[in-house]
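Engineer: What would the 3D arrangement of this be:
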Amino acid sequence: MTNYADYAYYTGTYKGAVIDTASFDLYARKATQEIKKYTFNRIQDSSIPDDAKMCCCELAEYLYKQDKYDTNVASEKVGEYSVSFVAGQTAEDIKLSAIKGIIYNWLAMTGLLYRGC
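Structural biologist: I've put the predicted structure just below:
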């Protein structure tokens, strides 16, 4: 399986600097799988559009940040330290919404998201 973007594209064209070299392949693979889901696997490995590569980079960064940082924190207070967390299903809904938003932002005008209905 080919990822829609490689590390050279991520750092050179996309200008990404969040994901390290060792971690990029894993997150690009996860991003590619998400994109394939929403595009009904229409993108051919031999001709990956630039929009799909950019989408892969942004989505890989998002997924990386989700894993690296505790994103279930809803709010924090410093004086008399207090933390509140987002409920499990709400956190998953937020993540799903963000993934859809990133994919839609890059691929909405390409025809790749069209279901044929």
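
Engineer: the helices in the protein, which residues?
Structural biologist: 7-12, 21-39, 50-68, 88-107 (DSSP state H).

Engineer: For L113, grab the count of nearby residues.
Structural biologist: 17 (other CB atoms under 10 Å). Glycine gets a C-beta too; all of them are placed from N, C-alpha and C.

Engineer: dump the residue contacts of it.
Structural biologist: L113 makes contacts with 38-39, 103-104, 107, as judged by CB atoms under 8 Å, 6 or more residues apart in numbering.

Engineer: lowest-confidence stretch among the helices of the chain?
Structural biologist: Of all these, the minimum mean pLDDT falls on helix 88-107 (a mean of 89).

Engineer: What pLDDT does the model give the residue at the greatest distance from the centre of the chain?
Structural biologist: In the chain, the residue that sits farthest from the middle, by CA atoms, centre = their mean, is E80; the gap is 35.4 Å. The score at E80 is 81. That number is its pLDDT.

Engineer: Relative to G12, how far out is it?
Structural biologist: Distance, E80 to G12, using CB to CB, to the nearest Å: 47 Å.

Engineer: With L26 instead?
Structural biologist: L26 is 20 Å from G12, by CB to CB.

Engineer: Please say which of those two ends up with more neighbours.
Structural biologist: Neighbours per residue, other CB under 10 Å: of L26 and G12, the larger number sits with L26, 15 against 10.

Engineer: How about the contacts made by the spatially most central residue of the chain?
Structural biologist: By CA atoms, centre = their mean, the chain has its centre lying nearest to L59, at 1.7 Å. Contacts for L59 (CB under 8 Å, 6+ apart) come out as 31, 34-35, 99, 102-103.

Engineer: same question, I103
Structural biologist: 34-35, 38, 55, 59, 113.

Engineer: Out of those residues, name the two that are farthest from one another.
Structural biologist: L59 and L113 (14.0 Å; CB to CB).
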